[in-house]
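Enquirer: fold the following, please.
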Amino acid sequence: MSWIDISLQEVFAGSILIEMAKKLNRQSDVIEIEKETASLKAFINANMWDDRKSFYFDRMKDGSISDVKSIAGYWALISGVVPQNRADRFVAHLENKSEFDRVHRVPTLSADNPHFDPNGGYWLGSIWAPTNYMVLRGLTKYKYDSLAYEIATNHLNNVVEVFSKGGGIRENYAPDKVQGNDGKDFVGWTGLVPICVLFEYVFGIRPDVPENTLVLDVRLTDEYGINQYPFGSTGMLNILCKKRKNESQKPSVSIQSNVPIKVTLKWKGGELTKEITPGKTTL
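Expert: This is a model prediction of the structure:
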């Protein structure tokens with residue numbers, strides 16, 4: 001078989017190497033990688049996409065494709081394989097309650113599969129922090145920011161509820177109930193949830209240090225912030241978002257920084273970008 005997740009991960013890895021080569025001015029070192037990545041991307045879109053089901057699947061030796069919708073297909077977003085004219089249909093599965101929009105999002109196996117386990121069954125529907133984070137980063141790449149926030153908030157709330165009831169940090173979680181499974185005190189990759197998922201998607205603080213930019217995608221209406229947020233090797237930020245009446249109101253954000261940064265503030269219905277200098281700035 002040709003596994004859809006491994007195939008997409010190879011495109012992702014190749015794309016990273018190509019970008020590294022550009023930064024290092026060593027494009028001549030990755031000519032074959034560029035060819036292979038482009039060829040694999042084209043093959044996946046031609047042979048591992050079912051247009052009727054609007055999903056990417058594993059491919060069998062005889063050329064047929066599987067009918068198992070799993071989270072593996074969503075590596076297509078973060079790898080940049082999905083053409084724009086397919087993106088809405090593909091992403092729509094994440095909002096379908098009979099498929100991936102469950103009590104705890106996002107199950108590794110679609111709920112309309114006969115092998116789906118409401119309790120998780122390890123890879124028969126369980127929610128895993130690394131696969132969820134992959135989905136979130138892919139949604140960001142394709143600018144589905146609102147959906148990413150919804151999934152992130154749901155994921156964090158479920159993990160916190162299990163923890164608050166004495167369940168600890170678990171290896172994976174049930175899709176159809178608030179329940180942690182396997183590996184109690186499994187901070188490992190589940191540490192992504194109270195750190196990266198909280199900071200990057202619930203708080204909406206997404207840094208890009210090499211480009212010296214910071215996105216503040218403000219979705220919460222309560223006051224929140226973070227002090228001593230490291231930015232690169234020397235930067236240190238204090239960020240405070242004031243309470244708002246509703247999501248459409250422009251956020252009032254103050255940033256104390258010791259380094260110059262380009263900040264993009266986003267909220268429902270608006271966006272602004274500003275170059276800030278060391279000191280305190282209000283957006």
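
Enquirer: just the strands in this protein please.
Expert: Using DSSP state E, the strands of the chain run over 49-50, 55-56, 172-173, 180-181, 205-208, 213-217, 224-231, 235-241, 253-257, 261-267, 270-276, 279-282.

Enquirer: quick one: neighbours of Lys262, just the number.
Expert: Neighbourhood size, Lys262 [other CB atoms under 10 Å]: 14. Glycine gets a C-beta too; all of them are placed from N, C-alpha and C.

Enquirer: ok, how many other residues are close to the nearest residue to it once chain neighbours are set aside?
Expert: Among residues not flanking Lys262 along the chain, Thr213 sits closest, at 4.6 Å (CB to CB, 6 or more residues apart in numbering). Residues near Thr213, counting by other CB under 10 Å, number 15.

Enquirer: wait, Thr213 touches Pro260, no?
Expert: No. Counting by CB atoms under 8 Å, Pro260 is not a contact partner of Thr213; they are 11.1 Å apart.

Enquirer: touching, Leu240 and Val253? I think so.
Expert: Yes. With contact defined as CB under 8 Å, Leu240 reaches Val253; the gap is 6.9 Å.

Enquirer: more neighbours, these two?
Expert: Val253 (18 against 15).

Enquirer: okay, the more buried one and Leu265: tell me how far apart.
Expert: 6 Å (CB to CB, to the nearest Å).

Enquirer: can you list residues touching both of the two?
Expert: Common neighbours of Val253 and Leu265 (criterion: CB atoms under 8 Å, 6 or more residues apart in numbering): Leu216, Val218, Leu283.

Enquirer: just the buried members of these?
Expert: Among the shared contacts of Val253 and Leu265, the ones that count as buried by 16 or more other CB atoms under 10 Å are Leu216, Val218, Leu283.

Enquirer: between those residues, which is closest to Asn119?
Expert: Val218 (35.9 Å; CB to CB).

Enquirer: once you drop chain neighbours, what's closest to that closest one?
Expert: Per CB to CB, 6+ apart, closest to Val218 is Pro251, 4.3 Å.

Enquirer: my guess is the one you found contacts Trp267, does it?
Expert: Yes. Pro251 lies in contact with Trp267 (CB under 8 Å); the separation is 5.4 Å.

Enquirer: now the common contact residues for the two.
Expert: Val218.

Enquirer: residue farthest from the centroid of the protein?
Expert: Within the chain, Asp62 marks the point farthest from the mean C-alpha position, 33.3 Å out by CA atoms, centre = their mean.

Enquirer: in contact with that residue, which residues?
Expert: Contacts of Asp62 by CB under 8 Å, 6+ apart: none found.
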